[in-house]
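Peer 1: structure for this input, please:
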Amino acid sequence: MRIAFVNPKRTVPAISDPRHFDGDSTAENALADATLYEPYNKLSRCPMGLLMLQSLTPEGVECEYVDANSEVLDYEKLADFDMVALTGITFQAAQIHEIAANLRGGRCRTVCGGVHATVAPEETAMSVDCVVTGEAEGVWPRLLRDFEAGRLQRRYDGTRSDMASSPAPRYSALQKYRKAGDTMGVMIRTSAGCPHDCEFCSVRLVQGNSVRFGPVANACRDLRGIHDALGSSVRTVTILDDNFTMSKRRTLEVLRGLRATGTGYRFMAQGDISVADSDELMGEMVLAGMHNLQIGFESLETGNLADVDRWKLKRRRDYARDIQRLQDHGINIWASFIVGLDDDDEGCFERLYRFLRESNIKDVQVSVLQPYPGTRLHRRLQAEGRLLYDGLPWHEVPVGMFSPIYQPRRMSARTVVEGLVWLTHRMYGTQEALERRRTLADQLAERRNGVLARCA
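Peer 2: Take a look at the predicted model:
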């Protein structure tokens, strides 16, 4: 048996809908500016799930990993496989559908799991031969047995996996994409699930509303696996946890374990601003090489934060102080914000830009609010009649970080896009912005060196 594990292309759709621009192409043309995509491209990631499924596939089965973000798909070659296993988020729904359509009618069977298949299983099943919902590790062996016996089911529902028994991802599958001078973005995972219930988020739908921690030994095993397979072609390893810093004690334990492996990699993770409350934790992050922390601030508007997460509302007044404390340790904050929330007006972009400048934020990811399938936000906007593409299949909806697919409450969809283009260009697209980011990077490196010297 031969299986191709395919990571579909993460498309960032162009915006040409007249409901956004009324025939004026100014903002649409601005989206062609490559600087707009810089913060998006830096966060592109290979799907860890496909590498784990390869490890669960019995010996004797020929496996090949194919990344559509790194090469053009060869459908004739894919058609020669017995199975093509796909995964993806809603951003990738269009190419999931395209891949399945190109392979339909031949001997190859298409199987799709991941976030999008879990939150929109019926629609995904209209494209592929088999849908896997939830976490696939527990059902993958049975699915393979059924396939070999000629009784592949249309759907398999995965259960929450025991992270203590999670297999080591087959990082060696990524070796084909190593190039001289390039660095690769790869991941490890130390926990799954989230106790928060943000209206726009689908994490709880897929991974549950409680946090499951994996053994620190497994995280260290995976890190050594990356080093053995990919060596110096990897510079930074992303920790995939939805909130790596949720438990201070646990975070310290993981950081010390990773540092003890001696691989020398840098790390990036998602966390929250409460890290600033602990000098011990910030110091250990620097010692372990965690130079970047992505923090979801979401919004500066108190009305939005009251709707999104009241815990973040309570922290809002101390943002400037907490950001400064992290930066004093040399930790670069990758600030994430959402625009188009119900309390946003046309002035939100200027206010956000002023905040980012005054806070000396070097890296920021600003995206348009997205009502993903299955979320409370999608149900609410649908009930309010504000979805612009309601009734269309998701592979025909221009889902993307810069594409409003609903009608914002206090401004037009066109204004949201134009404001986002303006803000991102100011942060990334001018010579002054480039020089500013270099200066901030140098300052952060100097502060990290100071922390390291004090700990020596």
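Peer 1: just the strands in this protein please.
Peer 2: Per DSSP state E, the chain carries strands over the ranges 2-7, 62-67, 83-87, 109-113, 130-133, 155-157, 184-188, 191-192, 212-213, 234-239, 266-271, 290-298, 332-339, 363-368.
Peer 1: export those strands to TSV and tack on distance to residue 311 and mean neighbour count?
Peer 2: C-beta here means a position set from N, CA and C on the backbone, and glycine is covered the same way. Listed next are the strands of the chain as TSV, based on distance: least, Cβ to Cβ, whole Å; neighbours: other Cβ atoms under 10 Å:
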stretch	distance to residue 311	mean neighbour count
strand 2-7	34	22
strand 62-67	37	18
strand 83-87	31	25
strand 109-113	31	25
strand 130-133	30	24
strand 155-157	32	16
strand 184-188	26	21
strand 191-192	18	22
strand 212-213	20	16
strand 234-239	21	20
strand 266-271	13	21
strand 290-298	11	22
strand 332-339	16	22
strand 363-368	20	20
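Peer 1: comparing the ones you listed by mean pLDDT, which bottoms out?
Peer 2: Here the lowest mean pLDDT among those goes to strand 184-188, at a mean of 82.
Peer 1: okay, the strands of the chain in CSV with distance to residue 259 next?
Peer 2: Shown next, in CSV, are these (distance: least, Cβ to Cβ, whole Å):
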stretch, distance to residue 259
strand 2-7, 30
strand 62-67, 29
strand 83-87, 31
strand 109-113, 34
strand 130-133, 36
strand 155-157, 39
strand 184-188, 14
strand 191-192, 18
strand 212-213, 18
strand 234-239, 12
strand 266-271, 10
strand 290-298, 10
strand 332-339, 18
strand 363-368, 24
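Peer 1: do you know which of those lies nearest residue 392?
Peer 2: Residue 392 lies closest to strand 363-368 among the strands of the chain, at 17.7 Å (Cβ to Cβ).
Peer 1: contacts for the closest one, please.
Peer 2: Contacts to strand 363-368, defined as Cβ atoms under 8 Å, 6 or more residues apart in numbering, come from residues 39-40, 42-43, 292, 294, 332-340, 352, 356, 400-404, 416-417, 420, 423-424, 427, 437.
Peer 1: that one versus strand 332-339: what angle between them?
Peer 2: Interaxial angle of strand 363-368 relative to strand 332-339 (axes from the mean of the first three to the mean of the last three Cα atoms, to 10 degrees): 10 degrees.
Peer 1: tell me the mean pLDDT for the lengthiest helix in the chain?
Peer 2: Assignment by DSSP state H gives helix 431-455 as the longest helix of the chain. Helix 431-455 shows an average pLDDT of 94 in the prediction.
Peer 1: when you give positions from now on, start the count at 31
Peer 2: With 31 as the first residue, the last one maps to helix 461-485.
Peer 1: I'd like to know which elements it is packed against.
Peer 2: Helices and strands touching helix 461-485, by 3 or more Cβ pairs under 8 Å, 6 or more residues apart in numbering; DSSP states H and E, are helix 309-318, helix 349-358, helix 443-458.
Peer 1: how much does it deviate in direction from strand 320-328?
Peer 2: Using the same axes, to 10 degrees: helix 461-485 against strand 320-328 is 120 degrees.
Peer 1: that older thread, worst mean pLDDT among the helices and strands packed on helix 461-485?
Peer 2: It's helix 443-458: among these, that one has the lowest mean pLDDT, namely a mean of 89.
Peer 1: which other helices and strands does that helix contact?
Peer 2: Under the contact criterion of 3+ Cβ pairs under 8 Å, 6+ apart, helix 443-458 touches helix 48-51, helix 56-60, helix 68-71, strand 362-369, helix 378-388, strand 393-398, helix 461-485.
Peer 1: from these, which stretch is densest packed?
Peer 2: A comparison of those by mean neighbour count, using mean count of other Cβ atoms under 10 Å, puts strand 362-369 on top with a mean of 22.
Peer 1: parallel or antiparallel, which strands does that strand pair with?
Peer 2: According to DSSP bridges, strand 362-369 has the following sheet partners: strand 320-328 (parallel), strand 393-398 (parallel).
Peer 1: got the ones you listed as CSV, with distance to residue 183 columns?
Peer 2: What follows is the strands paired with strand 362-369, written out as CSV (distance: least, Cβ to Cβ, whole Å):
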stretch, distance to residue 183
strand 320-328, 37
strand 393-398, 36
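Peer 1: to residue 109, which of these lies closest?
Peer 2: Nearest to residue 109 among those is strand 393-398 (35.6 Å), distances taken as Cβ to Cβ.
Peer 1: picking that back up, what angle sits between the longest helix of the chain and helix 378-388?
Peer 2: 40 degrees.
Peer 1: and helix 461-485 with helix 309-318, angle?
Peer 2: 100 degrees.
Peer 1: report the angle between helix 461-485 and helix 349-358.
Peer 2: Computed by the same axes, to 10 degrees, the angle separating helix 461-485 from helix 349-358 equals 60 degrees.
Peer 1: off-centre distance for helix 461-485?
Peer 2: How far helix 461-485 lies from its chain's middle: 26 Å, per Cα atoms, centre = their mean, to the nearest Å.
Peer 1: do the same with stretch 184-194
Peer 2: Centre to centre, stretch against its chain (Cα atoms, centre = their mean), the figure for stretch 184-194 is 21 Å.
Peer 1: ok, stretch 349-358 next?
Peer 2: Distance of stretch 349-358 from its chain centroid, counting by Cα atoms, centre = their mean, is 24 Å.
Peer 1: list the contacts of that stretch.
Peer 2: Residues from elsewhere that reach stretch 349-358, judged by Cβ under 8 Å, 6+ apart: 303, 305-307, 312, 323, 327, 330, 345, 363, 385, 388-391, 473-474, 477.
Peer 1: how about a cut-off of 6 Å?
Peer 2: Residues outside stretch 349-358 that contact it (Cβ atoms under 6 Å, 6 or more residues apart in numbering): 303, 306, 363, 389.
Peer 1: stretch 204-222 now?
Peer 2: Around stretch 204-222, the neighbours that count as contacts under Cβ under 6 Å, 6+ apart are 75, 78, 100, 237, 241-244, 249, 252-253, 256, 263-265, 267-271, 284.
Peer 1: and if you look at stretch 120-139?
Peer 2: If you take Cβ under 6 Å, 6+ apart as the criterion, stretch 120-139 is touched by 38-41, 105, 109, 111, 113-114, 116, 118, 140, 142, 146, 157-159, 402, 424-425, 429.
Peer 1: hmm, which of those residues are the buried ones?
Peer 2: Applying 16 or more other Cβ atoms under 10 Å to the contacts of stretch 120-139, the neighbour count classes 38-41, 111, 113-114, 116, 118, 140, 142, 146, 157-159, 402, 424-425, 429 as buried.
Peer 1: restricted to helices, list these.
Peer 2: residue 146.
Peer 1: quick check: domain ranges of this protein?
Peer 2: For the chain, automatic domain parsing gives the domain ranges 32-40+62-187, 202-485.
Peer 1: now do the contacts for the closest residue in space to residue 200 that isn't next to it in sequence.
Peer 2: Leaving out its chain neighbours, the residue that sits closest to residue 200 by Cβ to Cβ, 6 or more residues apart in numbering is residue 84, at 4.1 Å. Contact analysis of residue 84 by Cβ under 6 Å, 6+ apart lists 93, 200, 203.
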